[in-house]
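Asker: I need the structure of the sequence given here:
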Amino acid sequence: MLGKQRRDQEFSEYVATRRSRLVGTAYLLCGDRHQAEDLVQTALAKLYVAWPRVRRADGADAYVRRILVNAGIDASRRPWRREQTSGELPERPMDEGLGLEDRDELMAALSTLAVGQRRVIILRYWLGLSVEEAAADLGITAGTVKSQCSKALQNLRGQLADSRLAELMEDAS
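Answerer: Alright, predicted model coming up:
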């Protein structure tokens, strides 16, 4: 019984330190706060089951990112299983250093990207993963990550009117 308590405590500590980042990542993947919460909940449930194995391999972050991406893909393939969202604003805004108007413009620009491009941009520039790490998480080649990033950044630069946001995207490349 002591082993299970220790496992639960380690898992709880992991979740406490990373949950807000996971929700932010999921939000960028799907563009909906409530769906992002659902994706994170699904990912954490799957992570809990695999926790002893993942913890020993020291790969929890990569594992949970992969679950988020796969859960997002799964949800996008089965839209009839999703809950219907309301037109209300989220309970609390995401604060990642951008102003509300900048964040809205960036989210609108991200939502116009193809799903694969959005995923690559989020993994590379939001989470700061290397090309190889993003490729491993997405199950694609490093070349595909690079080409998707290039196309996505070009699309985003064309859409972002504010020079500060355009500079932000320039710095990312």
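Asker: tell me the gap between the longest helix anywhere in the chain and the middle of its chain.
Answerer: In the chain, with assignment by DSSP state H, the single longest helix is helix 2-30. Once both centres are worked out by CA atoms, centre = their mean, to the nearest Å, helix 2-30 turns out to sit 14 Å from its chain's centre.
Asker: repeat that for stretch 107-122.
Answerer: With CA atoms, centre = their mean, you get 11 Å for stretch 107-122.
Asker: buried residues, that stretch. List them.
Answerer: Using 16 or more other CB atoms under 10 Å as the test for burial, stretch 107-122 gives Ala109, Leu110, Leu113, Gly116, Gln117, Arg118, Arg119, Val120, Ile121, Ile122. All C-beta atoms are positioned from the backbone trio N, CA, C, and that covers glycine.
Asker: farthest pair in those?
Answerer: Checked with CB to CB, these reach their widest spread between Ala109 and Gly116, with 15.9 Å between them.
Asker: tell me which helix or strand comes right after the longest helix of the chain.
Answerer: Following helix 2-30 in sequence order, the next helix or strand is helix 33-57 (DSSP states H and E).
Asker: quick one, domains of this protein?
Answerer: 1-81, 99-173 (automatic domain parsing).
Asker: list just the nearest of the buried residues of stretch 107-122 to Ala135.
Answerer: Using CB to CB, the shortest approach to Ala135 within the buried residues of stretch 107-122 belongs to Val120, at 9.0 Å.
Asker: contacting residues around the closest one?
Answerer: Contact analysis of Val120 by CB atoms under 8 Å, 6 or more residues apart in numbering lists Ala134, Leu138, Val145, Gln148, Cys149, Ala152.
Asker: now with 7 Å, please.
Answerer: If you count contacts by CB atoms under 7 Å, 6 or more residues apart in numbering, Val120 has them with Ala134, Val145, Gln148, Cys149, Ala152.
Asker: can you check Ala71 too?
Answerer: Contacts for Ala71 (CB under 7 Å, 6+ apart) come out as Leu39, Thr42, Ala43.
Asker: state the distance from the first one to Leu22.
Answerer: To tie it back to what came earlier, the one meant is Leu39. As judged by CB to CB, to the nearest Å, Leu39 and Leu22 stand 8 Å apart.
Asker: what's the overlap in contacts for these two?
Answerer: Leu68.
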